[in-house]
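In: Structure here, sequence nowhere to be found:
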Ligand SMILES: Cc1cc2nc3c(=O)[nH]c(=O)nc-3n(C[C@H](O)[C@H](O)[C@H](O)COP(=O)(O)O)c2cc1C
Ligand code: SF4
């Protein structure tokens with residue numbers, strides 16, 4: 001790809017309809033855990049973070065990891081979609097709208113991928129029960145197989161969370177079906193060992209995620225765009241391949257999802273598949289939480305070294321593009337105007353960007369104006385450890401987040 005400055009093509013700046021939502025252009029800020037909700041309360045720093053992304057030109061910014069229940073969090077400092085957070089989320093959506101952007105809430109449940117000390121159940125819930133390797137570091141050594149009543153309750157929690165997001169002024173919800181969280185624990189054969197109609201074939205493994213999607217569509221689908229983010233490949237031999245990913249996409253298309261965001265990998269088993277590059281040892285130094293520190297320590301021995309290349313998920317995502325007609329967001333290593341143009345020319349409808357917009361939230365405007373055509377983000381992944389710092393997620397090469405703003409509740413006067 002060329003290093004000379006040229007603006008992104010006109011196609012990237014045209015609107016896109018996803019369900020009931022009109023996006024002003026083809027750029028989405030992907031969910032990146034912000035670390036800006038201490039004790040679960042969205043902070044003024046979180047408002048600033050997303051308002052900056054909107055002011056920088058992206059059509060849609062995604063608020064990461066909004067748990068549909070307290071048990072759905074992975075850590076205490078995550079937003080729960082409940083009445084206490086409503087006013088703070090409203091302050092956030094107002095600020096994004098003032099900057100001319102739209103905003104999506106990533107709605108999710110961690111299942112057995114949780115490090116909470118105050119779960120309401122003795123064992124975290126998952127597709128299957130038994131030993132919980134994720135809990136080795138947190139003492140949650142066993143997980144509980146979900147029964148039908150658990151499934152109906154949690155599907156209803158997703159619907160209630162989506163309704164709360166609508167009340168808070170969000171334009172879209174993104175159901176997190178990837179990365180090893182609860183819905184991904186059903187989709188992936190690595191976690192789903194069930195013998196009933198919720199396990200076995202892909203159609204069966206998708207049954208509970210589809211139940212969730214239907215509940216959310218029924219609850220808000222006429223008013224909000226309902227997006228599904230999932231792992232096209234799990235990046236592990238016993239998990240889903242990209243051919244399975246294409247079949248998953250066909251099911252989500254059949255069930256009426258408005259847009260799919262194509263990610264990859266699992267948090268615990270294949271983080272480099274998700275990020276397309278290795279994690280530096282320095283990340284451990286910025287982390288104080290002993291559980292996360294230990295997880296990072298183990299990860300360095302289990303993950304192979306991976307060198308970043310732009311559009312690192314394209315080969316996998318092409319299989320999904322060939323399988324469905326519905327709108328798709330390409331995600332994974334978008335750094336340049338040329339990269340954006342390439343994936344749009346290949347038939348993807350929009351691009352989602354994580355690190356390039358953490359590095360510089362105004363990149364979309366720069367691409368549009370032709371003042372810059374390549375992000376200088378080095379794909380070092382050091383921003384991932386920043387989410388545990390006082391100012392929250394930021395690029396280590398730029399200004400850190402403001403720790404004072406990050407302590408103030410978003411709606412506080
Ligand atoms: C700091 C950081 C935190 C992340 N947290 C989340 C998250 O909460 N939810 C999610 O779906 N993906 C999360 N991701 C993954 C991104 O959405 C995206 O899949 C990944 O960064 C690859 O896209 P990129 O090459 O454009 O950065 C995170 C990424 C980063 C860098
Ligand atoms: S820390 Fe900065 S340069 Fe490194 S991956 Fe994150 S945004 Fe890019």
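Out: That came through, no problem. Treat the numbers as computed from the prediction; the structure is a model and nothing was measured. Ligands and ions are numbered 1, 2, ... in the order given.
In: ok, then the element right after the lowest-mean-pLDDT helix or strand in the chain?
Out: Least confident element among the helices and strands of the chain, by mean pLDDT, DSSP states H and E: helix 290-302 (a mean of 61). Note on helix 290-302: by DSSP states H and E, the next helix or strand toward the C-terminus is helix 314-323.
In: Check whether that next one comes near ligand 1.
Out: No: Helix 314-323 lies apart from ligand 1 when judged by Cβ under 6 Å from any ligand atom; the minimum separation is 11.6 Å. For every residue, glycine as well, the C-beta is placed using N, CA and C.
In: Show me the contact partners of that helix.
Out: 232-233, 242-243, 245-247, 249-250, 260, 262, 264, 328, 330-332, 343, 346-348 (Cβ atoms under 8 Å, 6 or more residues apart in numbering).
In: Give me the neighbour count for the residue in the stretch 201-350 of the chain that ligand 2 sits nearest to.
Out: At 8.0 Å from ligand 2, residue 277 is the closest residue in the stretch 201-350 of the chain, using Cβ to the nearest ligand atom. Counted with other Cβ atoms under 10 Å, residues neighbouring residue 277 total 19.
In: circling back to that earlier point, from the contacts of helix 314-323, which are also near ligand 1?
Out: Okay, of these touching ligand 1 (Cβ under 6 Å from any ligand atom), that's 331, 332.
In: Make a ChimeraX selection of the buried ones in the contacts of helix 314-323.
Out: Here is the ChimeraX command that selects the buried residues among these (16 or more other Cβ atoms under 10 Å):
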select :232,233,242,245,246,247,249,250,260,262,264,328,330,331,332,343,348
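In: Which ones among the contacts of helix 314-323 map onto strands?
Out: 260, 262, 328, 330, 331 (DSSP state E).
In: Can you check what pLDDT the model gives the second one?
Out: Which is residue 262. pLDDT, residue 262: 98.
In: Excluding chain neighbours, what is closest to it?
Out: residue 317 (4.6 Å; Cβ to Cβ, 6 or more residues apart in numbering).
In: Next to ligand 1 in this structure, residues from the protein, please.
Out: Residues of the chain lying near ligand 1 (Cβ under 6 Å from any ligand atom): 30-33, 64-65, 106, 176, 179, 229, 263, 274-275, 331-334, 353-356, 383-384, 387, 393.
In: residues near residue 38, how many?
Out: Residue 38: 18 neighbours (other Cβ under 10 Å).
In: And residue 309, by the same measure?
Out: Neighbours of residue 309 (other Cβ under 10 Å): 11.
In: What of residue 370?
Out: 12.
In: My guess is it contacts residue 9. True?
Out: No: contact between residue 370 and residue 9 fails when scored by Cβ atoms under 8 Å: they sit 11.1 Å apart.
In: give me the low-pLDDT residue ranges for this structure?
Out: 1-5, 284-303 (pLDDT under 70).
In: Tell me which stretches of it form strands.
Out: Secondary structure of the chain (DSSP E): strands at 16-18, 21-23, 27-29, 60-67, 79-80, 102-108, 125-126, 130-131, 142-145, 172-176, 225-231, 259-263, 328-331, 350-353.
In: need the contact list for the residue of the stretch 201-350 of the chain closest to ligand 2.
Out: 306, 307, 308, 312, 379, 380, 381.
In: And residue 387, by the same measure?
Out: 32, 33, 34, 35, 393.
In: In helices, which of those residues appear?
Out: Using DSSP state H to define helices, no part of those is located there.
In: farthest-separated two in those?
Out: The span of the contacts of residue 387, defined through Cβ to Cβ, is set by 32 and 35 at 9.6 Å.
In: Show me what from this structure comes close to ligand 2.
Out: Residues of the chain lying close to ligand 2 (Cβ under 6 Å from any ligand atom) are 355, 358-359, 377-383, 395-397.
In: Restricted to buried residues, select those in PyMOL.
Out: Entered in PyMOL, the line below selects the buried ones among the residues of the chain next to ligand 2, by 16+ other Cβ under 10 Å:
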select buried, resi 355+358+359+377+379+380+381+382+383+395+396
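In: Of the residues of the chain next to ligand 2, which is the nearest to ligand 1?
Out: Out of the residues of the chain next to ligand 2, the member with the shortest distance to ligand 1 (by Cβ to the nearest ligand atom) is residue 355, at 3.5 Å.
In: Might one say that the closest one is in contact with residue 377?
Out: Yes: using Cβ under 8 Å, residue 355 is in contact with residue 377, at 5.0 Å.
In: joint contacts of those two?
Out: residue 395.
In: Near the spatially closest residue to residue 55 that is not a sequence neighbour, how many other residues are there?
Out: Leaving aside its chain neighbours, residue 55 sits nearest to residue 99 (4.3 Å; criterion: Cβ to Cβ, 6+ apart). Neighbours of residue 99 under the rule other Cβ under 10 Å: 17.
In: Distance of residue 99 relative to ligand 2?
Out: 21 Å (Cβ to the nearest ligand atom, to the nearest Å).
In: Phi, psi for that residue please.
Out: Main-chain torsions, residue 99, degrees, to the nearest 10: phi -90, psi 10.
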